[in-house]
Every structure is written in structure tokens, then in C-alpha cells.
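J.: No letters, just coordinates:
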């Protein structure tokens with residue numbers, strides 16, 4: 001097999017939820033998939049379900065040593081990366097066991113503890129960009145490469161600035177605004193890389209029942225994974241896209257920034 005012929009992907013936060021579904025779909029479509037997980041044992045458990053095209057790698061996107069180690073593993077085994085899926089994220093760092101409404105209420109801009117806000121942003125914004133920057137040299141080594149970042153429509157300023165949006169009260173300063181910042185940075189990255197071999201996409205899974213929202217989302221993980229999987233597998237999307245689930249009317253699923 002010629003170098004770069006096999007498609008190689010890394011999915012962060014892939015041992016459960018949307019990340020697991022994306023990793024599974026990529027493996028089923030011929031990718032060698034590295035399943036990133038903070039807990040290596042949980043990653044290995046996920047790999048046992050995915051099958052032979054997957055390999056667990058310990059990955060904490062807030063830990064530079066962990067990131068460097070993951071880069072070295074893929075560099076030594078392949079020398080390039082075709083697809084980076086940034087999925088790892090947290091919704092809060094405060095008291096556990098709270099409902100989604102309690103978490104969002106405590107993360108309003110007027111009262112959110114600054115240290116808690118910083119910790120959420122450390123993962124969702126700075127950790128995600130750190131991981132991406134570290135893998136850019138390997139992405140540049142692929143003939144064509146893509147970065148797919150799982151974001152949220154909750155981070156859309158266009159949606160949340162509309163008074164008719166019934167969910168705008170959920171736009172908190174910690175999680176919601178971290179996704180706004182994430183969107184801005186990766187739109188900036190798409191502009192930065194638009195003359196290179198690397199495309200950049202952002203995708204919202206919709207209101208999916210995962211640990212991020214105490215499993216209170218309205219969509220199953222399988223339903224919420226449909227659009228992230230579509231974007232992860234698509235190779236012809238224009239760089240800089242931001243999409244969410246298609247609605248029942250079949251209208252364009254582009255999301256406003």
C-alpha cells in the first residue's frame with residue numbers, strides 16, 4: 001500500500017456518545033481510527049466494540065504531554081493524518097449530579113464563578129485548539145485533509161440574538177459562550193488554511209442526550225450523530241462550513257455564526 005493511501009483519523013472524546021458513533025462510522029468506512037479517550041481503559045473498551053480498524057490512544061486535550069504522545073504514536077505508525085475530529089468537550093466543572101437547568105442557571109454571566117468558566121473554556125476552546133495545532137504538521141502531510149470540530153448551535157450569536165428564539169435563555173457564559181469562541185477560532189483557522197490542503201468544518205449534533213446535558217437532550221445519540229458523521233465522511237464540503245441537523249422540511253442545514 002502506498003504511503004497516504006489509507007485514510008487515518010483521530011477522534012477526541014471517542015469512548016462514548018457522539019464521538020464513539022463518529023469513530024465507529026469512520027472505521028466502518030475504511031478509516032484507521034484512533035479513539036482518543038482521557039481514560040485509556042475506556043478507550044480500549046470502545047475499541048472492542050468498534051472492531052479491527054480502531055486503536056485506543058490516551059488523550060487529554062488539556063494536557064500537553066498527552067497531546068504530544070498521541071501525535072508521536074500516529075506519526076510513528078503512519079506519518080500523516082487525514083482527518084481530525086475535535087469532539088472532546090465538557091459542559092461544567094461545578095457540583096456533579098445537577099440537572100441541566102441547574103447547571104445553566106449557575107453559569108449565567110452575572111454569577112458564574114470565573115474559575116469554573118476558565119476551566120470549561122480550557123477544555124472546549126484552548127484544549128481543542130492546542131490539539132489541532134499539534135496535529136497540523138501531520139495533516140499537512142496528507143494529500144488532502146480535514147478538521148471537523150463538533151460545536152453547537154447554542155454558540156450561534158445569530159440564533160441567540162433573536163428574541164423569538166425560545167431557547168436563548170440557555171445561552172450561558174461557560175458552555176454556550178465557549179462554543180461561540182470555538183466557532184470564531186475555527187472560522188479564523190479555516191481562513192488561515194484556505195490556500196492549503198486542509199479543510200475546516202464545524203458541526204452541531206443538535207440537542208442530543210449525552211452526559212453534557214445530564215442526558216436530558218431530546219435526540220438520541222444515534223440521531224445526534226447523523227450530521228457529525230455526514231460531515232466527517234464528506235470530502236467535498238466547502239471549507240468554513242457550519243451545519244446542524246436537517247429539519248423536517250428538508251431546508252438547508254447551514255447555521256448562522
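T.: Alright, I've got the coordinates. Source: prediction; values computed, not measured.
J.: contacts for stretch 14-29?
T.: 9, 11-13, 33, 35-37, 39, 42-43, 45-46, 49-51, 53-54, 56, 83, 85, 87-88, 150, 205, 208, 210-212, 221-222, 224-225, 228-229, 232-233 (C-beta atoms under 8 Å, 6 or more residues apart in numbering). C-beta here means a position set from N, CA and C on the backbone, and glycine is covered the same way.
J.: for stretch 111-124, same thing?
T.: 61-62, 88-94, 106-107, 172-175, 178-179, 181-182.
J.: Try it again at 7 Å.
T.: If you take C-beta atoms under 7 Å, 6 or more residues apart in numbering as the criterion, stretch 111-124 is touched by 61-62, 88-90, 92-94, 106, 173-175, 178-179, 181-182.
J.: Pull the most distant pair out of those.
T.: For the contacts of stretch 111-124, the farthest-apart pair by C-beta to C-beta is 61 and 106; their separation is 23.9 Å.
J.: neighbour count winner among the two?
T.: More neighbours surround residue 61 than the other of residue 61 and residue 106, with 27 against 17 (other C-beta atoms under 10 Å).
J.: which helices and strands sit right next to the top helix by length along the chain?
T.: Looking across the chain with DSSP state H, the single longest helix is helix 175-192. Packing contacts for helix 175-192, counted by 3 or more C-beta pairs under 7 Å, 6 or more residues apart in numbering; DSSP states H and E, involve helix 114-121, strand 198-203.
J.: Tell me where this structure has strands.
T.: 8-11, 32-37, 54-58, 83-86, 145-150, 198-203, 241-243 (DSSP state E).
J.: Show me what the fifth one is packed up against.
T.: In other words, strand 145-150. Partner elements for strand 145-150 (3+ C-beta pairs under 7 Å, 6+ apart): strand 83-86, helix 128-140, strand 198-203, helix 226-233.
J.: Of all those, which one is nearest residue 154?
T.: Closest among the helices and strands packed on strand 145-150, using C-beta to C-beta: strand 198-203, at 12.6 Å.
J.: List of residues touching the closest one?
T.: Contacts for strand 198-203 (C-beta under 7 Å, 6+ apart): 139-140, 145-151, 183, 186, 189-190, 193, 227-228, 231, 237, 239-243.
J.: Quick one: neighbours of residue 135, just the number.
T.: Neighbours around residue 135, by other C-beta under 10 Å: 21.
J.: Surely it touches residue 82?
T.: No: judged on C-beta atoms under 7 Å, residue 135 makes no contact with residue 82 at a distance of 10.9 Å.
J.: how far away is residue 169 from residue 133?
T.: Distance, residue 169 to residue 133, by C-beta to C-beta, to the nearest Å: 34 Å.
J.: er, residue 230 I mean
T.: For residue 230, the distance to residue 133 - C-beta to C-beta - is 26 Å.
J.: Tell me which of these two has more neighbours.
T.: Counted by other C-beta under 10 Å, residue 230 and residue 133 do not tie: residue 230 has more neighbours, with 16 against 11.
J.: Identify the spatial nearest neighbour of residue 153, chain neighbours not counted.
T.: residue 204 (4.5 Å; C-beta to C-beta, 6 or more residues apart in numbering).
J.: same thing with residue 27?
T.: Closest to residue 27 by C-beta to C-beta, 6+ apart is residue 53, at 3.9 Å.
J.: Same check on residue 106?
T.: Residue 106's closest residue in space is residue 94 (C-beta to C-beta, 6+ apart), at 6.2 Å.
J.: Just give me the neighbour total for the one you found.
T.: 17.
J.: For the stretch 151-257 of the chain, which residues score under the pLDDT cut-off?
T.: Filtered on pLDDT under 70, the stretch 151-257 of the chain yields the residue ranges 207-219, 247-252.
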